[in-house]
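>>> Any chance you could fold what I've pasted below:
(2 chains)
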Amino acid sequence: MSAAHVDRQQVLSQDNVYLPEGAGKTASVALMGLGLLAIAGTFLAGLTGGKELAETALFAYHTGFLVVMGFMLGALVFVMIFHQTNAGFTATLRRQFENPMSLMPLGLLLFLVGVAMQWIFNSANGAYLFHWMDPAYVAGDVIYEKKKLFLNIPRFYISALIYFGVWITLSYFLFSFSTRQDTDGDKWLTAHARKLSAPGLLLFAFSASFAGFDWIMSLDYHWFSTMLGVYFFAGSAVSCMALVTLVLIILRTFGRLHVAFTDDHLHDLSKLLFAFTVFWAYISFSQYFLIWYANIPEETAFFLLRKQGVWEYFSWIIPICHFIIPFVFLMARTVRRSRPLIALACVWLLGIHVVDWYWMVRAGLMHDGEIVGPQFIDLFAIAGPVLVFAGLLVRKIASGPLMPLQDPRLDEGLNHKNYV
Amino acid sequence: MSDHSTPKAPREPETWGIMAEFAHPGAISKAAEVMRDKGFTKWDCYAPIPVHGLDEAMGLKQSKITWVMGGMCLAGFSTAVLMQWWMSAVDYQIVAGGKPLAAWEQFLPIMFELSVLFSAFGAVFGMLILNLLPRWHHPLFTKERFLRVSDDRFVIAVEAIDPLFDEAETRELLASIGGTNIELVED
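Below is the predicted model:
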């Protein structure tokens, strides 16, 4: 449709692709400040409140850390998929995926804060996040003996460093290719990014799966699930898609990204959001189904625990709110093309995603053989890392152009139309 | 019935409509917009390739097929539930793996499969029904020039049953919006 071709100069004008000088500064500082306060509060509460509270704080902080990792890992994998598939329609939206991705070093920092907290709480009142790290707990445990070759402390930390090494390297290069292209317009950078993405996706698949095994599955080291690596990815993908779509809608509401982010782009992002919601449901049902069917004690323990007490409500709420409601809601074309409704869906999905991982991680906490229901401390232990991330993201978004300025696929992205 | 020996007289040809030819997708899209704005209802575009944006230019509404599929999906879902419940909990009870006779977990894959299968049937057959297909014959096939629609020509055909149809006026209109080789189609 040559007649409808958009004027590129007009789209790339200053006030369409940049936020005003100093925008979001207050919000960013406030969010980061609140986040740091929350982390400090978590730390003090855990340090002074005895073993149960300390372990609650560790589990809840871990949940928050994983939520943040989910945003960044989801963003990383989407950017690599866009490059790998040479996706034209995302050319104008890619920067908003690259922004969360580029914050990857924050993940390492949050991980180290978590490790420090585990260490300090452990020396203060013997609290553990990973019980297999407790020599007294695993003494004489045959199952642990068999798993010791994999599940030991040196291997755990070395792997974590390798995962972060892979993710930080990939995101650093992908981000710098993209931002360098903004200034020098070198078309070959796109080709470099594409070449890097191929091995990158492979490395990502392995590292993200093993990170899921290490950080979620080993919380209950008797339990194992072959679906968990994919579950970790599916949850990350949904949450990242919801976050980025929300960011784009907010930017559009502030009068940015005209033509670059149209209803047609929104429609496609909503479809992806819908698709990953379904994918999440497919994966989580598969995990439950296989465990239910095989009925092996070590595996069923995970779900039996989550059918007790307050966690049973969570086990009902999550499939309904994470799958059935968004599935029906996002089905209609008119909804998918409506910015306010999709923003609502994004907020909803982000919220329920946190609940999902809270259920996944935090429900595993037992104290003297009793489940520990939701506590007040969970709220700010989860909010801490998430708010710090949000603050940095606001800063990152405001600091540069809101879309790639010289991507060779820009025309395709700007003229993207959705004919269904 | 009365006399078998005399063959039936061939039916008098009636005016079915008018067809006009266009050379490229842009021309037919522009023409379709005019037809839409004039308020024609019984007309259609014929093209050898999918023309992006033509549905909008023609003023077509969203297809009803989604509702057919939605209904079929629910039908498939309920069929799966009833079938499995009746088979495994009523008619032929076998305890397998210590599982309950009727458990939603083991039913769910089939519920999903039948929902998809029924929706797909709904999509294919619903599409055929909504398009009045299959049919043996279409008046446009009597026209030699219409064959090029499967090659390199784009055609707009207005049916005589359209309330706005008037042979001379419609012919003039089609010519004014760039139609060439305008022909009367008879059935």
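
>>> drop to CA atoms for contacts and neighbour counts, all remaining ones
Fine.

>>> what sits against the residue nearest to residue B:78 when sequence neighbours are not counted?
Nearest residue to residue B:78, sequence neighbours excluded (Cα to Cα, 6 or more residues apart in numbering or on different chains): residue B:111, at 7.7 Å. Neighbour list for residue B:111: B:76-78, B:80-81 [criterion: Cα atoms under 8 Å, 6 or more residues apart in numbering or on different chains].

>>> Torsion angles phi and psi at residue B:111?
Note on residue B:111: its backbone torsions stand at phi -60, psi -40 [degrees, to the nearest 10].

>>> go on, the one 3 residues further on?
Dihedral angles phi and psi of residue B:114 (degrees, to the nearest 10) take the values phi -70, psi -30.

>>> Model confidence score at residue 147, please.
No chain specified, so I'll use chain A. Note for residue A:147: predicted pLDDT of 92.

>>> meant chain B actually
91.

>>> distance of it from chain A?
Distance of residue B:147 to chain A, computed by Cα to the nearest Cα, to the nearest Å: 26 Å.

>>> Over to residue B:179?
Residue B:179 is 20 Å from chain A, by Cα to the nearest Cα.

>>> wait, isn't that residue in contact with residue B:22?
Yes - assessed by Cα atoms under 8 Å, residue B:179 is found in contact with residue B:22 at 5.5 Å.

>>> Let me know how buried the residue of the stretch 101-250 of chain A at minimum distance from chain B is, in neighbour terms.
Using Cα to the nearest Cα, the single residue of the stretch 101-250 of chain A nearest to chain B is residue A:227, 16.7 Å away. If you count neighbours by other Cα atoms under 10 Å in any protein chain shown, residue A:227 ends up with 18.

>>> And for the one 4 residues further on?
Using other Cα under 10 Å, residue A:231 has 22 neighbouring residues.

>>> Does the closest residue to it other than its chain neighbours lie in a helix or a strand, and which?
Nearest residue to residue A:231, sequence neighbours excluded (Cα to Cα, 6+ apart): residue A:283, at 6.0 Å. If you go by DSSP states H and E, residue A:283 is part of helix A:263-294.

>>> Can you list the buried residues in that helix?
Buried residues in helix A:263-294, counted by 16 or more other Cα atoms under 10 Å in any protein chain shown: A:263-274, A:276-281, A:283-292.

>>> Show me what from chain B comes close to chain A.
B:52-53, B:97, B:105-106 (Cα under 8 Å from any Cα of the partner chain).

>>> wait, what's in contact with the closest residue in space to residue A:239 that isn't next to it in sequence?
Leaving aside its chain neighbours, residue A:239 sits nearest to residue A:350 (5.6 Å; criterion: Cα to Cα, 6+ apart). Applying Cα under 8 Å, 6+ apart to residue A:350 gives the contacts A:239, A:242-243.

>>> how close does residue A:350 get to residue A:171?
23 Å (Cα to Cα, to the nearest Å).

>>> One more: residue A:346?
Relative to residue A:171, and taking Cα to Cα, residue A:346 is found at 24 Å.

>>> Which parts of chain B are strands?
Using DSSP state E, the strands of chain B run over B:15-22, B:43-46, B:154-159, B:180-186.

>>> Output those strands as JSON lines; include the columns distance to residue B:131 and mean neighbour count.
Output for the strands of chain B, formatted as JSON lines (distance: least, Cα to Cα, whole Å; neighbours: other Cα atoms under 10 Å in any protein chain shown):
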{"stretch": "strand B:15-22", "distance to residue B:131": "18", "mean neighbour count": "23"}
{"stretch": "strand B:43-46", "distance to residue B:131": "12", "mean neighbour count": "18"}
{"stretch": "strand B:154-159", "distance to residue B:131": "16", "mean neighbour count": "24"}
{"stretch": "strand B:180-186", "distance to residue B:131": "20", "mean neighbour count": "16"}
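
>>> in the chain, which residue is closest to the centre?
Defaulting to chain A. In chain A, the centroid-proximal residue (Cα atoms, centre = their mean) is residue A:70; its distance is 1.7 Å.

>>> that's the other chain; I wanted chain B
Closest-to-mean residue, chain B, Cα atoms, centre = their mean: residue B:131 / 2.4 Å.

>>> got the residues of chain A near chain B?
So chain A meets chain B at A:289, A:293, A:419 (Cα under 8 Å from any Cα).

>>> rerun at 7 Å
A:289, A:419 (Cα under 7 Å from any Cα of the partner chain).

>>> buried residues in stretch B:51-67?
B:51-55, B:57-59, B:65.

>>> Among these, which ones are in helices?
Among these, the members found in helices (DSSP state H) are B:54-55, B:57-58, B:65.

>>> Would you check which pair of those lies furthest apart?
Greatest spatial distance in these: B:57 and B:65, 20.1 Å, computed using Cα to Cα.

>>> What are the structural domain limits within chain B?
Per automatic domain parsing, the structural domains of chain B span B:15-48+B:152-186, B:65-130.

>>> Show the end-to-end separation of the first one, please.
I take that to be domain B:15-48+B:152-186. End to end - Cα to Cα - domain B:15-48+B:152-186 spans 5 Å.

>>> So for that domain, mean pLDDT?
On average, domain B:15-48+B:152-186 scores 93.

>>> just stretch A:129-141 next, same as before
Here the average pLDDT along stretch A:129-141 is 92.

>>> hey, C-alpha coordinates of that stretch in CSV?
Extracted in CSV, the C-alpha atoms of stretch A:129-141 (Å, rounded to 0.1, in the frame of the first residue of the first chain):
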residue,chain,number,x,y,z
LEU,A,129,16.3,-20.8,52.0
PHE,A,130,17.6,-24.0,50.4
HIS,A,131,17.3,-26.8,52.9
TRP,A,132,19.7,-29.0,51.1
MET,A,133,22.4,-26.5,52.1
ASP,A,134,21.8,-27.4,55.7
PRO,A,135,24.2,-30.3,56.6
ALA,A,136,22.1,-31.3,59.6
TYR,A,137,18.9,-31.4,57.5
VAL,A,138,20.3,-33.7,54.8
ALA,A,139,22.3,-36.0,57.1
GLY,A,140,21.3,-39.6,56.3
ASP,A,141,19.0,-38.6,53.5
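
>>> residues in contact with that stretch?
A:55, A:58-59, A:118, A:144, A:153, A:218-219, A:221 (Cα atoms under 7 Å, 6 or more residues apart in numbering or on different chains).

>>> Of these, grab the buried ones for PyMOL.
Burial among the contacts of stretch A:129-141 is assessed by 16+ other Cα under 10 Å; the matching PyMOL selection reads:
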select buried, chain A and resi 55+58+59+118+144+218+219+221
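
>>> want to try a markdown table for the contacts of stretch A:129-141, with pLDDT and secondary structure as columns?
As requested, the contacts of stretch A:129-141 are arranged in a markdown table below (pLDDT from 0 to 100; DSSP: H, G, I helix; E, B strand; the rest coil):
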| residue | pLDDT | secondary structure |
| --- | --- | --- |
| A:55 | 94 | helix |
| A:58 | 95 | helix |
| A:59 | 96 | helix |
| A:118 | 95 | helix |
| A:144 | 93 | helix |
| A:153 | 94 | helix |
| A:218 | 93 | helix |
| A:219 | 94 | helix |
| A:221 | 92 | coil |
